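S.K.: any chance you can model this:
(one chain, ligands or ions: 1)
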Amino acid sequence: MAGTGNPNFDVLIAGAGMTGCTAACLFADQGLRVGLVDSKSIADWDETTTCPRVSAINIASSNLFRYLKVWPGIERRRFSRYAGMHVWEENSEASISFDAREMGCRELGYIIENNAVTGALADKLRQHHNVSILEGTTITDRQLGRDRVILEMDSHRTLACKLLVGADGAKSRVRELSAIDCRHFDYQQDAIVTTVVPGESHRRTAWQCFLPTGPVAMLPLWDGRCSVVWSCDRGLSEELMALSDLEFESTLSGHFRQHLGEISVCDRRFLFPLGQHHAAQYISRRTALVGDAAHITHPLAGLGANIGILDTAALAQVVGNAHRTGKRIAGQPVLRRYERWRKGENSLVLATMKGFKTVFGTSAKPLVTARRLGLNVADDSIHLKQVFARYAMGIAGDIPAACRQ
Ligand SMILES: Cc1cc2nc3c(=O)[nH]c(=O)nc-3n(C[C@H](O)[C@H](O)[C@H](O)COP(=O)(O)OP(=O)(O)OC[C@H]3O[C@@H](n4cnc5c(N)ncnc54)[C@H](O)[C@@H]3O)c2cc1C
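M.R.: Presented below is the predicted three-dimensional model:
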C-alpha cells in the first residue's frame with residue numbers, strides 16, 4: 001500500500017462502503033493513483049458474529065467481483081447461493097416462482113454480509129501500491145482549482161485530485177458541497193432486520209410475502225438460518241419492534257408457516273427508515289456521484305447496492321477509456337457519458353420500485369384484481385419470468401463490460 005504522504009491523487013473517493021471500495025479497486029487496477037477517505041474504519045467481517053446487514057448480490061455484481069479477483073476473498077468469508085425465489089400475496093392464490101434452472105443458470109444470486117464484501121475489497125486495496133486509505137477523516141470543504149479539486153479535511157490536511165467521487169451514502173457531503181439537488185420521497189415505512197431459524201429447510205430459496213402493510217422477505221443464509229427484512233408502515237414497525245421474541249416469532253410464523261414451518265428468532269431486531277431519493281445530477285465539475293449518494297430505493301427487490309456497484313463499473317469504464325486514450329479523466333464529456341448511461345437505467349429501477357410499492361400496498365379493488373391476475377399470468381409464462389429475472393440478476397439493459405461474464 002502506498003503511504004498517505006502524497007496528497008495528490010488521480011481519483012479521490014469519499015466513502016468506503018460497498019460502492020466506494022469497489023470504485024477504488026477498479027480505478028487502482030487501471031493504474032490511477034487512488035485516495036479512499038472514510039469518516040469511519042472500513043467495515044470488515046467478523047467470523048464470530050453474523051453482520052445484521054446482508055445483501056442479495058446479483059449476478060452482475062458477482063461478475064464484477066470475480067473480474068476484480070476479490071470473489072475468493074468473499075467466498076473465504078461467508079456467503080450463500082440462492083437458486084429459487086418464491087413471491088406471493090397473502091390471503092390470495094396469487095404467486096410467482098423463479099428457478100435458476102429455468103433461466104439456464106446455477107443460481108439467481110447470493111446472500112452476503114455487507115462487511116464480507118467490504119472486507120474482501122479492503123484486503124485487495126491494502127495490498128495495492130496505487131491506493132492510499134485515509135480512515136477516520138471527512139471532507140469539510142471543496143474548491144475547484146484550474147485542473148484539480150482541492151479538498152480541505154477535518155484533520156486540516158489539504159488533498160487534491162483530478163476526479164472526486166462521492167460514494168459517501170445517503171447524506172453525501174460531496175453531493176452537498178457540489179450543490180447537487182436531490183429529490184426525496186418518504187415511503188412512510190421502516191424495515192425491521194433480524195436473523196431467524198426456520199422450522200423447515202429454506203431450500204436455497206428467497207421467500208417474499210406481500211402484506212397490505214409491505215413486503216416481508218426471508219433470505220437464505222449459509223448455515224440454514226434466514227435473514228428477515230420486514231418492510232412495513234410506520235406505526236406497525238414500532239409495534240413489531242416492541243413485541244417480545246415469542247410474540248415476534250408467532251407473528252412471523254403466521255406469514256411463513258406454510259413454507260418454512262415455525263420460526264425462532266436468534267438475534268435482536270434493527271430498524272431502518274425507508275425512503276427513496278434521486279440526485280438531480282450525477283455529476284458536477286470534476287465530480288461524480290455513485291451508489292446511495294446518487295440514489296436510494298426500496299429494498300423490496302434487493303437492488304440498491306447492486307445498481308450502485310453498476311454505477312462504479314460504468315464510471316470506471318468511461319474514465320478508463322479516457323485515461324487510455326490520453327484524454328482528461330474528469331473532462332465534462334467523459335462525466336456526461338457516465339451520467340447519461342447510469343441515470344437513465346437507475347430512473348427506470350426507481351420508478352419500477354415505487355410502482356411495485358404502490359400496486360402491492362393498495363386495497364383498491366381494480367388494482368388488487370389486476371395485481372393478482374398479473375402475478376398468475378407472469379407465473380405461467382417462462383418468457384415473462386426470464387425477462388423479470390434478467391433485470392433482477394442485473395444482466396439486462398446496458399451492462400458495463402466488467403459486469404458481463
Ligand atoms: C434494510 C435494507 C436492506 C437492503 N437490502 C439490499 C439487498 O438485498 N441488495 C442490495 O443490492 N441492496 C440492499 N440494500 C441497499 C444497500 O444496503 C445500499 O444501497 C448500499 O449499502 C449502499 O452502499 P454505498 O457504499 O453507496 O453507501 P453506504 O453503505 O452508506 O457507505 C457510505 C460510506 O461513506 C462513509 N461516509 C459518510 N459520510 C462521509 C463523509 N462525510 N466523509 C467520509 N466518509 C463518509 C460512511 O462511513 C460509509 O462507509 C438494502 C438497504 C436496506 C436499508
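S.K.: my guess is V319 contacts G331. True?
M.R.: No: counting by CB atoms under 8 Å, G331 is not a contact partner of V319; they are 9.8 Å apart. Every residue, glycine included, has its C-beta placed from N, CA and C.
S.K.: which residue does the stretch 1-150 of the chain have closest to the ligand?
M.R.: Distance from the ligand to each residue of the stretch 1-150 of the chain (CB to the nearest ligand atom) is smallest for G17, at 2.3 Å.
S.K.: run the chain-centre distance for stretch 313-324.
M.R.: Averaging C-alpha positions (CA atoms, centre = their mean, to the nearest Å) puts stretch 313-324 21 Å from its chain's average.
S.K.: list the buried residues for that stretch?
M.R.: By 16 or more other CB atoms under 10 Å, the buried positions in stretch 313-324 come out as 313-320, 322-323.
S.K.: in strands only, show me those residues.
M.R.: Secondary structure from DSSP state E places none of these in strands.
S.K.: ok, back up a step: pLDDT at the residue of the stretch 1-150 of the chain closest to the ligand, what is it?
M.R.: At G17 the predicted local confidence, pLDDT, stands at 97.
S.K.: helix, strand or coil for the residue lying farthest from the centre of the chain?
M.R.: No residue in the chain sits farther from the centre than R146, which is 34.8 Å out by CA atoms, centre = their mean. Following DSSP: H, G, I helix; E, B strand; the rest coil, the label given to R146 is coil.
S.K.: phi and psi next, for it.
M.R.: phi -60, psi -50 (degrees, to the nearest 10).
S.K.: ditto for L373
M.R.: When read as degrees, to the nearest 10, the backbone of L373 gives phi -60, psi -50.
S.K.: nearest spatial neighbour of it, chain-adjacent residues omitted?
M.R.: A94 (8.0 Å; CB to CB, 6 or more residues apart in numbering).
S.K.: list the residues that contact the one you found.
M.R.: 88, 371-373, 375-376 (CB atoms under 8 Å, 6 or more residues apart in numbering).
S.K.: now swap in I13 and tell me
M.R.: I13 sits in contact with 20, 23-24, 27, 34-37, 165, 167, where contact means CB under 8 Å, 6+ apart.
S.K.: wait, does stretch 183-192 contact the ligand?
M.R.: Yes: Stretch 183-192 reaches the ligand (CB under 6 Å from any ligand atom) through A191.
S.K.: which other residues reach that stretch?
M.R.: The contact list for stretch 183-192 (CB under 8 Å, 6+ apart) reads 214, 228-234, 237, 240-241, 269-278, 280, 298-299, 354, 357.
S.K.: okay, and which of those map to helices?
M.R.: The helices, defined by DSSP state H, take in 237, 240-241, 354, 357 from the contacts of stretch 183-192.
S.K.: ok, so of those, who is nearest R203?
M.R.: If you rank those by distance to R203 using CB to CB, L240 comes first, at 25.9 Å.
S.K.: got the residues of the stretch 201-350 of the chain near the ligand?
M.R.: Going by CB under 6 Å from any ligand atom, the residues of the stretch 201-350 of the chain near the ligand are 229, 272, 291-292, 299, 302-306, 308.
S.K.: and the residues you listed as TSV, adding pLDDT?
M.R.: Formatted as TSV, those follow (pLDDT from 0 to 100):
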residue	pLDDT
V229	97
F272	96
G291	98
D292	98
P299	92
G302	92
L303	95
G304	96
A305	97
N306	97
G308	98
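S.K.: from those, which land in strands?
M.R.: The strands, defined by DSSP E, take in 229, 272 from those.
S.K.: and the residues of the stretch 201-350 of the chain next to the ligand as CSV, adding neighbour count?
M.R.: Listed next are these as CSV, based on neighbours: other CB atoms under 10 Å:
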residue, neighbour count
V229, 22
F272, 16
G291, 29
D292, 24
P299, 21
G302, 21
L303, 23
G304, 22
A305, 24
N306, 26
G308, 28
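S.K.: quick check: phi and psi at Y110.
M.R.: Per degrees, to the nearest 10, the backbone of Y110 is at phi -140, psi 150.
S.K.: give the contact list for it.
M.R.: Each residue near Y110 by CB under 8 Å, 6+ apart is listed here: 56-57, 62, 79-82.
S.K.: can you list the buried residues in stretch 328-342?
M.R.: So stretch 328-342, judged by 16+ other CB under 10 Å, has buried residues 328-330, 334-335, 337-339, 341-342.
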